[in-house]
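Colleague: how would this look folded up:
(chains A and B)
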Amino acid sequence: DIQMTQSPSFLSASVGDRVTINCKASQNINRYLNWYQQKLGEAPKLLIYNANSLQTGIPSRFSGSGSGTDFTLTISSLQPEDVATYFCLQHNSWPWTFGGGTKLELK
Amino acid sequence: QVKLQQSGAELVKPGASVKLSCKTSGYTFSTSYMSWFKQIPGQSIEWIGMIYAGDGGTGYNQKFKGKATLTVDTSSSTAYMDLSSLTTEDSAVYFCARAGGDYWGQGVMVTVSS
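Modeller: Numbers count the residues shown, from 1 in each chain, chains lettered A, B, ... in the order given. Model (predicted):
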């Protein structure tokens, strides 16, 4: 199985900060990497698909980059409503696997 | 708009089975894939498997083979997941999601307890 190592596990930042979250795959996954936001008690929400494509309806402050084994989710200017846990998901090969998650809170 | 509506919370006894449903609307179910996921609260997410509604073809995470069985009813645009021989380790929130993971159901909590 492909292991997805996500960092950091916890992140505290201020409104307006630029925030980056990383995912590293244990082998090449091309660009088959999605990013999700999950708020407490809710289902995950797709933010970015195929590494760098913004899902419809998602604010442009969210962006994704990377290919191969190293990927980054960037929030250009953190907003209060962005407090959540973020997960990466590789869908290059079965079984699909998730990163361990990054819990983002406001400083 | 695309909607995935899952059945309600379940409290089941160890050793029992449970069948979860995921009723869809707003897209062509019969030519789509559906994935299922497991999440223990406070932890990350695991992919259980996927089913193609067109022919019922399935693919499973090896970890869940023998535990989960995926089926569909195209007449009602509903996907199902059977979980068998339940133990406390199966207590979790289970989600369905249109393959690709773009739209998700709201999740259903399954609690296994005597």
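Colleague: just to confirm, which helix or strand has the spatially most central residue of chain B in it?
Modeller: Nearest to the mean C-alpha position of chain B, counting by Cα atoms, centre = their mean, stands residue B:36 at 4.1 Å. Using DSSP states H and E, residue B:36 falls within strand B:33-39.
Colleague: chain A versus the residue nearest to the centre of chain B, what's the distance?
Modeller: The spacing between residue B:36 and chain A, counted by Cβ to the nearest Cβ, to the nearest Å, is 11 Å. Backbone N, C-alpha and C define where each C-beta goes, glycine included.
Colleague: and that residue, bridged to which residues?
Modeller: residue B:49, residue B:96 (DSSP bridges).
Colleague: isn't it right up against residue B:58?
Modeller: No: with contact defined as Cβ atoms under 8 Å, residue B:36 does not count as touching residue B:58 (10.3 Å).
Colleague: which residues do these two both contact?
Modeller: Common neighbours of residue B:36 and residue B:58, using Cβ atoms under 8 Å, 6 or more residues apart in numbering or on different chains, are B:49, B:50, B:70.
Colleague: what's the burial count for residue B:108?
Modeller: A total of 20 residues lie near residue B:108 under the criterion other Cβ atoms under 10 Å in any protein chain shown.
Colleague: for the most centrally placed residue in chain A, phi and psi?
Modeller: For chain A, residue A:35 is the residue whose C-alpha lies nearest the centre (Cα atoms, centre = their mean; 3.7 Å). As for residue A:35, its main-chain torsions (degrees, to the nearest 10) stand at phi -120, psi 140.
Colleague: contacts only, for the residue lying closest to residue B:50 once chain neighbours are set aside.
Modeller: Closest residue in space to residue B:50, ignoring its immediate chain neighbours: residue B:35 at 4.6 Å, by Cβ to Cβ, 6 or more residues apart in numbering or on different chains. Under the criterion of Cβ under 8 Å, 6+ apart, the neighbours of residue B:35 are A:96, B:47, B:48, B:49, B:50, B:96, B:97, B:98, B:99, B:101.
Colleague: try it again with 7 Å
Modeller: Contacts here follow Cβ atoms under 7 Å, 6 or more residues apart in numbering or on different chains; on that basis residue B:35 touches B:47, B:50, B:97, B:99, B:101.
Colleague: just residue A:89 next, same as before
Modeller: Residues near residue A:89 by Cβ under 7 Å, 6+ apart: A:34, A:36, A:96, A:98, B:101.
Colleague: residue B:10 now?
Modeller: Residues near residue B:10 by Cβ under 7 Å, 6+ apart: B:18, B:108, B:110, B:111.
Colleague: ditto for residue A:28
Modeller: Counting by Cβ under 7 Å, 6+ apart, residue A:28 touches A:68, A:69.
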